[in-house]
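K.L.:
Need a 3D model of the sequence below.
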Amino acid sequence: MAFKTLDDIGGDLTGKVVLVRVDLNMPMADGAVTDLTRAEAVAPTILELADKGAKVLLLAHFGRPKGARNSTMSLSMVQGAVEEVLGREVMFIPELAGPVAAQAIDILRPGDVGLLENTRFWPGEEANDIELARSIAVNADLYVNDAFSAAHRAHASTHALAQLLPAYAGRSMEAELKALDAALGNPEKPVAAVVGGAKVSTKLAVLEHLVGRVQHLIIGGGMANTFLAARGVDVGKSLCEHDLAAKAEAIMDAADASGCIVHLPYDVVVAKEFAANPASLRTCNVHEVAADEMILDVGPQATVALGDVLKTCRTLVWNGPLGAFEIPPFDTATVALARTAAALSKEGSLVSVAGGGDTVAALNHAGVAGDFSYVSTAGGAFLEWMEGRELPGVAALTA
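P.N.:
Next comes the predicted model:
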């Protein structure tokens with residue numbers, strides 16, 4: 001995967017205007033940002049460019065204003081949080097282009113940072129309108145994309161701008177693309193993939209793509225119930241998409257044809273009610289699930305066996321929990337396997353790449369997010385990458 005990074009920007013940046021697409025779509029409560037993760041992820045790129053004397057202009061979206069101004073979705077709401085993370089003042093610019101933006105850019109000194117208004121206030125953003133992109137680009141010299149989480153959208157700020165200005169990947173984007181290439185692009189084999197979550201229907205394309213790319217496919221969560229049912233197992237009251245049995249069979253057939261081993265739990269943790277530490281909690285063989293019971297986690301024997309599988313692998317891609325990890329004790333299998341993967345990663349025998357909101361939450365819950373080789377905070381973009389789809393924002397950097 002060939003793309004230019006900040007290392008490829010030649011010449012003196014002093015006074016140059018650099019547009020940097022970032023993700024500042026951060027959670028808010030009572031008018032304050034509650035999680036600075038996304039701002040922290042892009043800070044190295046912003047500070048590196050500013051310290052080289054560039055005028056750094058931040059492009060970002062916030063919420064879904066649907067092409068109209070909305071004061072509750074103004075990026076002025078996150079200005080203070082960005083200043084806190086960067087440790088320097090940020091000028092808020094209430095426009096995206098035009099004379100107001102041009103005047104503000106003239107005021108900025110080399111090394112200063114400006115925050116342009118929410119890109120989605122303009123209908124041309126989500127329409128990938130080249131004219132909107134031109135009106136933004138006219139004020140700039142270079143374009144940097146540091147928002148992998150928005151790279152699956154062909155928008156003016158993620159795609160069209162990259163056609164108009166010299167385009168580069170920021171440090172966060174660079175790290176993400178290198179990690180993803182190591183995980184599925186050009187991985188060390190054997191490769192294992194853990195795919196969990198509630199429904200097969202949301203990850204059909206992921207599963208269909210992975211069976212031809214990995215040697216071990218570990219299926220957990222409610223998704224595993226659909227595959228078990230397709231194999232004739234009575235899963236009782238468990239969450240199960242019985243209408244997708246044929247699809248599950250087709251995926252398992254494709255796996256067999258490509259030499260991929262599909263791992264399903266053979267012992268499970270069940271209960272009659274979905275609640276913390278229920279009285280009806282028990283562990284049993286998958287063939288012993290009663291009609292009034294639900295499968296809520298992978299059992300201990302299967303969890304140990306899955307850990308042994310990871311010990312034979314060199315690369316791991318993980319998306320989704322193995323059980324209903326939000327409620328104890330149905331977090332047990334996810335935590336145990338995550339800790340095994342983390343230990344293997346720390347000792348250098350496994351390259352582990354994980355992504356998706358539930359996955360990040362599960363790894364944080366297990367206390368091992370920092371020990372994985374790479375953890376992506378991107379949701380939709382990470383999932384589309386796992387589906388093997390081209391991401392417009394990435395393709396624009398490699399063109």
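
K.L.:
Only C-alpha atoms from now on, for both contacts and neighbour counts.
P.N.:
Noted.

K.L.:
Quick one: low-confidence residue ranges for the chain.
P.N.:
Where the chain drops to pLDDT under 70, the residues are 1, 399.

K.L.:
May I see the domains of it written out as residue ranges?
P.N.:
For the chain, the structural domains run 6-173+393-398, 187-367, going by automatic domain parsing.

K.L.:
could those be laid out in CSV, adding mean neighbour count and distance to E384?
P.N.:
CSV is the format used below for those (neighbours: other CA atoms under 10 Å; distance: least, CA to CA, whole Å):
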stretch, mean neighbour count, distance to E384
domain 6-173+393-398, 20, 7
domain 187-367, 20, 8
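
K.L.:
Now tabulate those domains in CSV and tack on distance to M386.
P.N.:
CSV is the format used below for those (distance: least, CA to CA, whole Å):
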stretch, distance to M386
domain 6-173+393-398, 12
domain 187-367, 6
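
K.L.:
which one of the ones you listed lies closest to F382?
P.N.:
domain 187-367 (6.3 Å; CA to CA).

K.L.:
So Y266 versus L13, what's the distance?
P.N.:
As defined by CA to CA, to the nearest Å, Y266 lies at a distance of 60 Å from L13.

K.L.:
Which secondary structure element is home to the most centrally placed residue in the chain?
P.N.:
For the chain, the residue sitting closest to the mean C-alpha position, by CA atoms, centre = their mean, is A378 at 2.2 Å. Using DSSP states H and E, A378 falls within no helix or strand.

K.L.:
what's the closest non-adjacent residue to it?
P.N.:
In this structure, A378 finds its nearest non-sequential neighbour in S149, 4.4 Å apart by CA to CA, 6 or more residues apart in numbering.

K.L.:
Report all helices and strands that the helix or strand hosting R38 contacts.
P.N.:
Element membership for R38, per DSSP H and E: helix 37-51. If you count contacts as 3 or more CA pairs under 8 Å, 6 or more residues apart in numbering; DSSP states H and E, helix 37-51 packs onto strand 55-59, helix 79-86, helix 171-180.

K.L.:
Out of these, flag the one nearest G124.
P.N.:
So among those, strand 55-59 is nearest, using CA to CA, at 14.2 Å.

K.L.:
wait, what's in contact with the residue nearest to A378?
P.N.:
D23, T377, A378, G379, G380, A381, F382 (CA atoms under 8 Å, 6 or more residues apart in numbering).

K.L.:
Isn't the last one up against G355?
P.N.:
Yes. Under the criterion of CA atoms under 8 Å, F382 lies in contact with G355, with a separation of 6.3 Å.

K.L.:
just the strands in the stretch 151-300 of the chain please.
P.N.:
167-169, 191-195, 216-219, 261-263, 267-271, 282-285, 294-298 (DSSP state E, counting those that start in this stretch).

K.L.:
Check which helices and strands the very next helix or strand once past the last one sits against.
P.N.:
On the C-terminal side of strand 294-298, the nearest following helix or strand under DSSP H and E is helix 300-311. Judged by 3+ CA pairs under 8 Å, 6+ apart, the packing partners of helix 300-311 are strand 267-271, helix 332-346.

K.L.:
try 10 Å this time
P.N.:
strand 191-195, strand 216-219, strand 261-263, strand 267-271, strand 282-285, helix 332-346 (3 or more CA pairs under 10 Å, 6 or more residues apart in numbering; DSSP states H and E).

K.L.:
Kindly export that helix (C-alpha atoms) in PDB.
P.N.:
Presented in PDB, the C-alpha positions along helix 300-311 are these (Å, rounded to 0.1, in the frame of the first residue of the first chain):
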ATOM      1  CA  PRO A 300     -14.200 -22.300  29.800                       C
ATOM      2  CA  GLN A 301     -13.000 -25.400  27.900                       C
ATOM      3  CA  ALA A 302     -13.600 -23.800  24.500                       C
ATOM      4  CA  THR A 303     -11.900 -20.500  25.700                       C
ATOM      5  CA  VAL A 304      -8.700 -22.400  26.700                       C
ATOM      6  CA  ALA A 305      -8.800 -24.200  23.300                       C
ATOM      7  CA  LEU A 306      -9.100 -20.800  21.500                       C
ATOM      8  CA  GLY A 307      -6.100 -19.500  23.500                       C
ATOM      9  CA  ASP A 308      -4.200 -22.500  22.200                       C
ATOM     10  CA  VAL A 309      -5.100 -21.600  18.700                       C
ATOM     11  CA  LEU A 310      -3.800 -18.100  19.100                       C
ATOM     12  CA  LYS A 311      -0.500 -19.600  20.300                       C
END
